[in-house]
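Student: this one's structure only:
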């Protein structure tokens, strides 16, 4: 329940969204409480699953493609199909929507062979899968390190700026991951605040090397910090997937406008019959209706809109190759 959390909880979570590895002393100075209070609050929220700081990987920065799949199933088959997809290392954000007859997930593919194996062979041949629609993500307007908590949080701009890490230009070129990098990412995927000593133990590197490699991965846009949060803390009780068709000449304008909506957790241009996708969060169905009939209806050149309420999330943030909390649904 929202009443289980107070404003200090929400301010702490907003601070962690800005910099998930910020020292508790820096967060405490901004929040106006003691280091011990921040550490105690974080420990409580983390132990109850209300918040987790996670390391996320942007698959596109590694040259991979991301697909959004809509898998239509017979009602009795949707849960087994969703669970099978969730077990795959290349999937993230596996959700049941449309009354439980559709599975939606994000899939990372590193080659044409990967795409063909999943999209043309494995899924269509799965018993009781009635159809698959695949949308390649062409451009993300909002998501990844841009978590919707940044829109819902209660820190003001001056407080947020005090916590924001120094801005640095994104490093040029692609970066390749080795086994030590993957071990590093696996630890951060479970706990984005893992200490450098722990990361050194997982990789075999020195803490100094770990610190330098983390900075390098972040500079190349491969690694970012994200948070997974109990949305009830911010009064959110419904999540809905939107599939929109927009006239191509207005796709960029509509995408940027959508990204600015407080309700939008992720927005991207995609291939397929719907060329703009969004994951949105609202307080309830009435708030969703108001959002659709005001903000969404005002977007330029929307020719079709389909909404699919999420009824269960089978796999979410913390996947090795995800793009962030709330990113895909």
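Tutor: Arrived safely, thanks for sending. Predicted model only: the values in this text are computed from it and were never measured. Numbers count the residues shown, from 1 in each chain.
Student: name the SS class of residue 37, please.
Tutor: Three-state assignment for residue 37 (DSSP: H, G, I helix; E, B strand; the rest coil): helix.
Student: distance check, it against residue 207.
Tutor: Noted for residue 37: a distance of 28 Å to residue 207, by CB to CB, to the nearest Å. Using the backbone N, CA and C atoms, a C-beta is placed for each residue, glycine as well.
Student: check residue 268 too.
Tutor: Residue 268 is 37 Å from residue 207, by CB to CB.
Student: tell me which of those two has more neighbours.
Tutor: residue 268 (26 against 14; other CB atoms under 10 Å).
Student: the more buried one belongs to a strand?
Tutor: Yes. Counting by three-state DSSP, residue 268 is part of a strand.
Student: ok, it - contacts?
Tutor: Each residue near residue 268 by CB atoms under 8 Å, 6 or more residues apart in numbering is listed here: 68, 137-141, 143, 255, 276-278.
Student: can you list the low-confidence ranges for the stretch 51-200 of the chain?
Tutor: 111-127, 168 (pLDDT under 70).
Student: repeat the analysis, applying 90 as the threshold.
Tutor: Flagging of the stretch 51-200 of the chain using pLDDT under 90 yields the residue ranges 56-65, 73-77, 80, 84-93, 98-101, 107-132, 143-147, 165-177.
Student: show me where it has its strands.
Tutor: For the stretch 51-200 of the chain, applying DSSP state E, counting those that start in this stretch gives strands covering 51-57, 65-73, 91-97, 102-109, 129-142.
Student: make JSON lines from those and add mean neighbour count and distance to residue 192 to it.
Tutor: Below are the strands of the stretch 51-200 of the chain laid out as JSON lines (neighbours: other CB atoms under 10 Å; distance: least, CB to CB, whole Å):
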{"stretch": "strand 51-57", "mean neighbour count": "25", "distance to residue 192": "4"}
{"stretch": "strand 65-73", "mean neighbour count": "22", "distance to residue 192": "21"}
{"stretch": "strand 91-97", "mean neighbour count": "25", "distance to residue 192": "16"}
{"stretch": "strand 102-109", "mean neighbour count": "25", "distance to residue 192": "19"}
{"stretch": "strand 129-142", "mean neighbour count": "18", "distance to residue 192": "20"}
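Student: distance of the nearest residue to residue 102 once chain neighbours are set aside relative to residue 145?
Tutor: Nearest non-adjacent residue to residue 102, counting by CB to CB, 6 or more residues apart in numbering: residue 72, 5.4 Å away. Distance, residue 72 to residue 145, using CB to CB: 32 Å.
Student: circling back: show me what contacts the residue nearest to residue 102?
Tutor: Contacts of residue 72 by CB under 8 Å, 6+ apart are 101-102, 129-133.
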